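Student: Sequence first, predicted coordinates after that:
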Amino acid sequence: MVTRIEGGYRLERRRLWPYAEAWEEQKRLALAISRGEAPNTLILTEHPPVYTIGRSGERSEVLRTDLVEGGIEVVETDRGGRVTYHGPGQMVAYVLWHLGRGVPDVRGHVSRLEETVIRSLGSLGLKADRDERGGPGVWIDGAKIAALGVRIRHGVSYHGLGVNHEPDLGHFRGIVPCGLREGRVTSLAALGVTLPRETLEEIFVAHFQEVFGAYPAA
């Protein structure tokens, strides 16, 4: 058995990872982390186009059957939240994190995820914030730029968040995003911020380590 390294974590990067495969790997890792057999893990990835329906969502919130018939997969998943979209051009961060013994601090964990995104966008000159009326996530001028949903199992959080770097925003119009009937969705590209994916990831990782008090596991 590997002893868990307090504060340490493993960073993994994947490209165009099918959603179902990512979900299964997260469940496997969450169990291993809960047993002390693996360190906390941050996975940065993106998915082929997919609509995911969280535990509070409904299939009726997927509005555009033509987009689904055109190749956007629909998956009912176990994360919190309603319906969202993942696709190329979005930076997905899966945070598999042991929240400690006893009652897990889910609200604090969600707040740390949001804070990581807010600080990362701040480094790009953007003022982002939370919007309690819109639920978990990060917003800029009334438009959502990062969606968030987690699941806690065996004291370990998995799933995480998606930051809209340069996705096809038209695909969000095929759903009721995060249950917001009049919700607007934006991206860094739509806001005129252009940068390589690798640069965005490095900025995110730097702020993630600050907010979570984490460091790379040996």
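Tutor: In hand now; what should we look at?

Student: At the geometric centre of the chain, which residue do we find?
Tutor: Nearest residue to the geometric centre of the chain (Cα atoms, centre = their mean): L161, 1.2 Å.

Student: That one belongs to a strand, doesn't it?
Tutor: Yes. Assessed by DSSP: H, G, I helix; E, B strand; the rest coil, L161 belongs to a strand.

Student: And the closest residue in space to L188 that isn't next to it in sequence, its phi and psi?
Tutor: Taking Cβ to Cβ, 6 or more residues apart in numbering as the measure, L188 lies nearest to H165, with 5.3 Å between them; neighbours along the chain are not counted. Every C-beta, even on glycine, is put in place using the N, C-alpha and C of the backbone. Note on H165: its backbone torsions stand at phi -80, psi -70 [degrees, to the nearest 10].

Student: which residues does H165 contact?
Tutor: Going by Cβ atoms under 8 Å, 6 or more residues apart in numbering, H165 touches 89-91, 187-189, 197, 200.

Student: Could I get the pLDDT score of it?
Tutor: On pLDDT, H165 comes in at 98.

Student: Please report the distance of the residue nearest to the centre of the chain from W23.
Tutor: 15 Å (Cβ to Cβ, to the nearest Å).

Student: list the helices and strands the longest helix out of those in the chain packs on?
Tutor: Scanning the chain for the longest helix, with DSSP state H as the assignment, gives helix 106-123. Judged by 3 or more Cβ pairs under 8 Å, 6 or more residues apart in numbering; DSSP states H and E, helix 106-123 is in contact with strand 90-98, strand 138-140, strand 143-153, strand 156-164, helix 197-212.

Student: Appreciated, that's everything.
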